[in-house]
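1. Any chance you could fold what I've pasted below:
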Amino acid sequence: MLGWIVALISGALMSVQGVFNTQTTKASSIWIASSFVQFTALLVCLIAWAVTDRSSLLTVFQVKPKYMLLGGAIGAFITYTVIKSMDMLGPAKAVMLIVISQLLIAYIIELLGMFGVERQPLVIRKVIGIVVAIAGFIVFKWD
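-> Numbering: from 1, shown residues only. Predicted structure coming up:
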């Protein structure tokens, strides 16, 4: 149950953050706003680490394979694409497409066992769930 609550909070925070970042971009530029977002995230993470964890910062480099360290770089492009999509589509449509894309790619990663994730079998009800999500977006955007 706690996992559900955390996931719901994550989704809500992502939506609010996307709106905030889009508005910030209008006052500056997309790369300045994205840099500010990443910088403030770094500050919050360092403060949280200093208060709660205090393990060595260098242990992160023990990860294998090393390409797993690209999460931060990917995060910069996530910030950029969220800002652009919200600006171009509006928050609701952008978030629906973002979530559908996350669901589809996450399921493909599970099916293929990519990036060290345990391979899962194809389950037709999960495919139906993705199709329903796509149909929901079509219905939602129907003007």
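
2. centre of the chain versus stretch 46-66, how much separation?
-> 21 Å (C-alpha atoms, centre = their mean, to the nearest Å).

3. got it, and stretch 24-33?
-> For stretch 24-33, the distance to the chain centre is 19 Å (C-alpha atoms, centre = their mean).

4. can you tell me which helix or strand the residue lying closest to residue 31 once chain neighbours are set aside belongs to?
-> Leaving aside its sequence neighbours, residue 31 sits nearest to residue 80 (C-beta to C-beta, 6 or more residues apart in numbering; 7.8 Å). C-beta: built from backbone N, CA, C; applies to glycine. Using DSSP states H and E, residue 80 falls within helix 71-89.

5. Work out the gap between whatever helix or strand comes next after that helix and the centre of the chain.
-> Counting by DSSP H and E, the next helix or strand C-terminal to helix 71-89 is helix 91-112. Averaging C-alpha positions (C-alpha atoms, centre = their mean) puts helix 91-112 9 Å from its chain's average.

6. Stretch 129-139 now?
-> 20 Å.

7. tell me which residues in it are buried?
-> residue 137 (16 or more other C-beta atoms under 10 Å).

8. How about stretch 17-35?
-> 17-19, 21-22, 24-25, 30, 33-34.

9. For residue 53, what are phi and psi?
-> phi -110, psi -70 (degrees, to the nearest 10).

10. For residue 45, see how far away it is.
-> Computed as C-beta to C-beta, to the nearest Å, the residue 53 to residue 45 distance reads 10 Å.

11. same deal with residue 105?
-> Note on residue 105: its distance to residue 45, by C-beta to C-beta, is 25 Å.

12. Could you find the residue nearest the spatial middle of the chain?
-> residue 78 (6.6 Å; C-alpha atoms, centre = their mean).
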